[in-house]
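Q: Fold the following and give me the result.
(one chain, ligands or ions: 1)
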Amino acid sequence: MASITLDQIRHAYNPNPVSDADYALREVDHEWVDGGAYALLGPSGCGKTTLLNIISGLLHPSHGRILFDGKDVTELSTQARNIAQVFQFPVIYDTMTVYDNLAFPLRNRKVPEAEVDRRVREMLDIIDLADWSKRKARGLTADQKQKISLGRGLVRNDVNAILFDEPLTVIDPHMKWVLRSQLKRLHKKFGFTMVYVTHDQTEALTFADKVVVMFEGQIVQIGTPAELFEKPRHTFVGYFIGSPGMNIMPVRLEGSAVLLGQERLDLVAAPSVNPADRLELGIRPEFIRLGQSGLPVTVTRVEDIGRRKIVRAELQGQPIAAVVNEDTEIPTDAHVSFDPAGLNLYANSWRVEERASP
Ligand SMILES: Nc1ncnc2c1ncn2[C@@H]1O[C@H](COP(=O)(O)OP(=O)(O)OP(=O)(O)O)[C@@H](O)[C@H]1O
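A: Numbering: from 1, shown residues only. Okay, here's the model as predicted:
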């Protein structure tokens, strides 16, 4: 397994890029540690597949270098990079048995047959296809075929990294959960470097040690699920992670307080922002208290989500969401107050205390 360094990578599909908007990937400059499990998360078109294909060697970046364990592999083919890939749809040999499909990548590398047998049997147990080992892959369901694809990716232990591109798309919801947990266990056991593309936050948050959130061709934050929840570095992370996402409200600054309409909210210290910056306050629904004091709101809807409720309301003409316990009374004359621990200030979409290194 290897560390992966993305050294000032940029990529434009257009051969004559002029502005940032022409780049599918604006600058990406990071080091991902050996044995890390990274999920690339973001909406359609944000550049996840482009970045994965640059790592795998399917795509040559317009600028920058990619290094595995410090060795420059930018000019190397996918094969020479020694990685395993699992795609959205199964890539298997229909006419081979399940066993032979799993054995194929090992036999191809001249692994001794006794070792092939040991590893294939272990993998058959992991993907729960031991009873199907002698069956031809042709007659299997889409789920089973994709499990073989996953097994083929995981059966080798000599790869630099394993790359997954939305591998659970064709898997039914229950099996998705099972396979996700298995992947996590395998990662703990074998310490693979894994990069996993998804646009599903549950998948990313349960699978990865570090979630790489992408937006419009940029990595806007790399963090643990808790970091993304507690300190979203960019308003997009606040909005995209969590359900419902973070409330983002335009504010003005006055000394060490922000003004939300007529209301004043004191900050711990005066933030260093420029007068022309576009300021917004971010607060997650879990940090909003509902009661009879604070800012007046008009409740528009209440959604029951088991032990908690989502209260949708309008605050100064803007929609706002709060998450409260199921037994919280919704007063007729409802007001909201904000838990200071949950206040985040954003200038031009970036969290203020971290603006120095966006
Ligand atoms: N072969 C290509 N030629 C031109 N533009 C492309 C090509 N592939 C992707 N793009 C563009 O690059 C941008 C990033 O696309 P990419 O497929 O990397 O996003 P993604 O996050 O993986 O999206 P999805 O979740 O839909 O797969 C998009 O604007 C897309 O239209």
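Q: show me the contacts for the residue of the stretch 101-250 of the chain at minimum distance from the ligand.
A: Among residues of the stretch 101-250 of the chain, the one nearest the ligand by CB to the nearest ligand atom turns out to be residue 199. It sits 5.1 Å away. The way it works is simple: take the backbone N, C-alpha and C, and place the C-beta from them, glycine included. For residue 199, the set of contacting residues under the criterion of CB atoms under 8 Å, 6 or more residues apart in numbering consists of 41-44, 48, 166.
Q: ok, now residue 120?
A: For residue 120, the contacting residues are 99, 102-103, 106, 133, 155, by CB under 8 Å, 6+ apart.
Q: Which one of those sits in the busiest neighbourhood?
A: residue 102 (26 neighbours; other CB atoms under 10 Å).
Q: which non-adjacent residue is nearest that one?
A: Counting by CB to CB, 6 or more residues apart in numbering, the nearest residue to residue 102 once its immediate chain neighbours are dropped is residue 120, at 4.6 Å.
Q: How about the residues of the chain by the ligand?
A: Residues of the chain that fall close to the ligand, judged by CB under 6 Å from any ligand atom: 13, 24, 42, 44-50, 199.
Q: Now the buried members of these.
A: Under a neighbour-count criterion of 16 or more other CB atoms under 10 Å, the subset of the residues of the chain next to the ligand counted as buried comprises 24, 42, 46-50, 199.
Q: Which of these fall in helices?
A: With helices taken from DSSP state H, the overlap with those comprises 48-50.
Q: Next, format those residues as CSV and append pLDDT.
A: Output for these, formatted as CSV (pLDDT from 0 to 100):
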residue, pLDDT
48, 95
49, 94
50, 96
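Q: Quick check, central residue of the chain?
A: residue 41 (2.9 Å; CA atoms, centre = their mean).
Q: Just the local confidence number for the residue nearest to that one when sequence neighbours are not counted, please.
A: The shortest distance from residue 41 to any residue that is not its chain neighbour, by CB to CB, 6+ apart, is 4.1 Å, and that residue is residue 204. The predicted local confidence for residue 204 comes out at a pLDDT of 91.
Q: would residue 204 count as being in a helix?
A: Yes: under DSSP: H, G, I helix; E, B strand; the rest coil, residue 204 sits within a helix.
Q: That one touches residue 222, doesn't it?
A: No: judged on CB atoms under 8 Å, residue 204 makes no contact with residue 222 at a distance of 11.7 Å.
Q: Mind listing the shared neighbours of the two?
A: Taking CB under 8 Å, 6+ apart as the contact rule, residue 204 and residue 222 both touch residue 211.
Q: Who has more neighbours out of the two?
A: For residue 204 against residue 222, the residue with the higher neighbour count under other CB under 10 Å is residue 204, and the figures read 24 against 18.
Q: quick revisit: assign the residue nearest to residue 102 to one of the three secondary structure states.
A: Assigned with three-state DSSP, residue 120 falls in the helix class.
Q: just residue 275 next, same as before
A: When states are read from three-state DSSP, the local structure at residue 275 comes out as coil.
Q: Show me the beta-bridge partners of the residue nearest to the centre of the chain.
A: Assessed by DSSP bridges, residue 41 has beta-bridge partners residue 198, residue 213.
Q: List the residues that contact it.
A: For residue 41, the set of contacting residues under the criterion of CB under 8 Å, 6+ apart consists of 48, 198-201, 204, 211-214, 240.
Q: Same check on residue 49?
A: Residues touching residue 49, when contacts are defined by CB under 8 Å, 6+ apart, comprise 165, 197.
Q: Residue 130 versus the nearest residue to residue 50 once chain neighbours are set aside, what's the distance?
A: Of all residues not flanking residue 50 in the chain, residue 24 sits nearest, at 4.7 Å (CB to CB, 6+ apart). In this view, residue 24 and residue 130 are 42 Å apart by CB to CB, to the nearest Å.
Q: same deal with residue 351?
A: For residue 351, the distance to residue 130 equals 49 Å [CB to CB].
Q: more neighbours, these two?
A: In this comparison of residue 351 against residue 130, neighbours counted by other CB under 10 Å, the higher total goes to residue 351 at 20 against 14.
Q: Let me know whether that one touches residue 230 as I believe.
A: No: in this structure residue 351 lies outside contact range of residue 230 using CB under 8 Å: 11.1 Å.
Q: hang on, residue 180 in a strand?
A: No: residue state for residue 180 (three-state DSSP) corresponds to helix; a strand is not indicated.
Q: Let me see the contact set for it.
A: For residue 180, the contact set (CB under 8 Å, 6+ apart) comprises 168, 203, 206-207.
Q: Give me the pLDDT for residue 88.
A: At residue 88, the model reports a pLDDT of 88.
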